[in-house]
Structure formats: structure tokens, C-alpha cells
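Student: coordinates for the following, if possible.
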Amino acid sequence: MNEALHDHYAQLADTYDETWAHRPEYLDWMHDRIRRGLRARPGEWIADIGGGTGLFARRLLPYATERRPLLCVDPSAAMLARLPRDRRLRPVAATAEQIAAHGVPLPCDTFDAVLVKEAVHHFTALEETLTGLAGRLADRGRILVVTLPPKLDYPLFPRALDRFAAAQPEPARVAAALRGAGLAVTTGTEEFRVLVERDHWLHLVAHRWMSVLSTFSDAELRDGLREIAEQHPGPVLEFTDRFAFVLGVAGTT
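Tutor: Model (predicted):
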């Protein structure tokens, strides 16, 4: 993780979960999709790569035990410090690249299920890292990558949308990397309709809710907020959140 990104998540950690507090229906919806896609079972070794504060890892705790805790992997110590105190949940301060390369000690050699939710755009070497993670799957192990498409329908200012698109890998590229690593791959797209008060949305953007917003200066962000306010008078904004779900399964090809 580069220094700017490290600082972004350090500043975001204390309020990260509050960002989602107004959208419990989204959390329930996303958890249901993850549960169905990952097909986790009690007693399996499960890793949440880029798990942050454990927003979704904690919803997988029913499948974990103290002897086989769920591993929440994230390079941000500030984010991991916000994890729930539960012996079924173990923080691992590491990057996806380190996990893929066996670069940090873990209580298991292989995983039965790996979740990567909205984190692949932070991978410094996408194909290499996904290949390494695929290589750590047990027989019939699953890796589920949940990612946004490069083109968003969000009410952001144009420069932010363009900058996000430039750095976001296509879901097809993720699928190709997992397929190249020898996994059987299936893909799908799910949509969630978002209704949010404009003032709250502007608050999220002002506090750099998305990591791409941390790449703009204070002055650039103020200009962007002004553009959003002019283009979207509100008082309620409505847009579609689209997610690609890419599932790779080991030992079936």
C-alpha cells in the first residue's frame, strides 16, 4: 500500500462503519449475495482479503470457530483496529500480494473460501496476485471477487468518474486471470438501487469516502462538490450500484 493510500484509510478508519450505517438494507443485500456465491461452510478456513474493519467478515463469523478463525487481511492497522473483538476473527496485517506470495505466517496453508470485495483495484500486479491467491486454495476451494465495473453510475464529478475508470480493472480481466490460474470461473452482475439524501452524499464525497477521491487536492474536491451540487439538485439522489461477482473454484477443471 502506497503512503497516500495508507493515510487515506488511516483517516477513514474511525468513521468507516458509520458510512454504511444509513444503508443497512445494502449490507443485508450484499451479504446475501456473498453468502450464496462463496458457499462457506462451518469449520472451513476463510479469508477476507482487504477486509478493513470487518464490515463483511463479521457476517461470516457463523462459519468460523476459535480453532479455525476467519482471517481478516488488510494492510491498514487503523482499519484492523476497528475489528470486533471475537476469537473467531483474526486480524492479519498484510497485503494481498503478501498473502499470494506466502510472505506472512498464517495458521493455515490453504483456504477453503476467499472473499475479495472491492479490493482488486488496489492490487499492484493483478494477474500475479490472483494467480497466487488461487494457488492457495484447497481442493474445491472458492475465491469470490466482488468488484465494481470501471464505468460508474454514481453522481460524482466527471474527473472523479474518469480517474476511477482509468484505475479499475474490467471484471473480464479478473475472470481471465482466475481462469488462467486453473480455476473454473463463473461471472454474474447484480444491481442495487440506491436512494440517498443529497446532503449526505455530499458529506460522503467531502470526506473522501471512495479511495479515488483521496487523489484530489482540497481545492479540486471543493470544485467537484460544487459541480455535483449544480448537476444534482436533489433533495434525494437515485442511482444504480452495479457489482460484478467473479467466482473461481479449484479442482474442477
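Student: can you pull out the helices in the stretch 51-200 of the chain?
Tutor: 77-80, 96-100, 126-134, 158-167, 171-180, 198-206 (DSSP state H, counting those that start in this stretch).
Student: those: which one's closest to Thr187?
Tutor: Of all the helices of the stretch 51-200 of the chain, helix 171-180 sits nearest to Thr187, with 5.2 Å by CB to CB. Glycine gets a C-beta too; all of them are placed from N, C-alpha and C.
Student: quick one: residues contacting the closest residue to Leu61 other than its chain neighbours.
Tutor: Excluding the flanking residues, the one nearest Leu61 by CB to CB, 6 or more residues apart in numbering is Arg88, at 5.2 Å. Each residue near Arg88 by CB atoms under 8 Å, 6 or more residues apart in numbering is listed here: Leu61, Ala64, Thr65, Glu66, Pro69, Leu70.
Student: so how many other residues sit close to the third one?
Tutor: Residue neighbour count, defined by other CB atoms under 10 Å, stands at 14 for Thr65.
Student: so for Gln231, which of the helices of the stretch 51-200 of the chain sits nearest?
Tutor: Here helix 158-167 is closest among the helices of the stretch 51-200 of the chain (CB to CB), at 9.3 Å.
Student: tell me the angle the closest one makes with helix 198-206.
Tutor: Orientation note: helix 158-167 sits at an angle of 50 degrees relative to helix 198-206 (axes from the mean of the first three to the mean of the last three CA atoms, to 10 degrees).
Student: in helix 158-167, what counts as buried?
Tutor: Residues of helix 158-167 classed as buried: Ala160, Leu161, Arg163, Phe164 (neighbour count, 16 or more other CB atoms under 10 Å).
Student: re the thing from before, how about JSON lines for the helices of the stretch 51-200 of the chain, with mean pLDDT added?
Tutor: Output for the helices of the stretch 51-200 of the chain, formatted as JSON lines (pLDDT from 0 to 100):
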{"stretch": "helix 77-80", "mean pLDDT": "92"}
{"stretch": "helix 96-100", "mean pLDDT": "97"}
{"stretch": "helix 126-134", "mean pLDDT": "98"}
{"stretch": "helix 158-167", "mean pLDDT": "97"}
{"stretch": "helix 171-180", "mean pLDDT": "98"}
{"stretch": "helix 198-206", "mean pLDDT": "93"}
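Student: TSV for these, including distance to Pro42?
Tutor: Below are the helices of the stretch 51-200 of the chain laid out as TSV (distance: least, CB to CB, whole Å):
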stretch	distance to Pro42
helix 77-80	24
helix 96-100	23
helix 126-134	23
helix 158-167	37
helix 171-180	25
helix 198-206	36
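Student: which among those helices is found nearest to Asp112?
Tutor: Proximity to Asp112 (CB to CB) singles out helix 126-134 among the helices of the stretch 51-200 of the chain, at 13.0 Å.
Student: buried ones in that closest one?
Tutor: For helix 126-134, burial by neighbour count (16+ other CB under 10 Å) applies to Leu126, Glu127, Thr129, Leu130, Thr131, Gly132, Leu133, Ala134.
Student: next: stretch 99-116.
Tutor: For stretch 99-116, the neighbour count (16+ other CB under 10 Å) marks Ile99, Ala100, Leu106, Phe111, Asp112, Ala113, Val114, Leu115, Val116 as buried.
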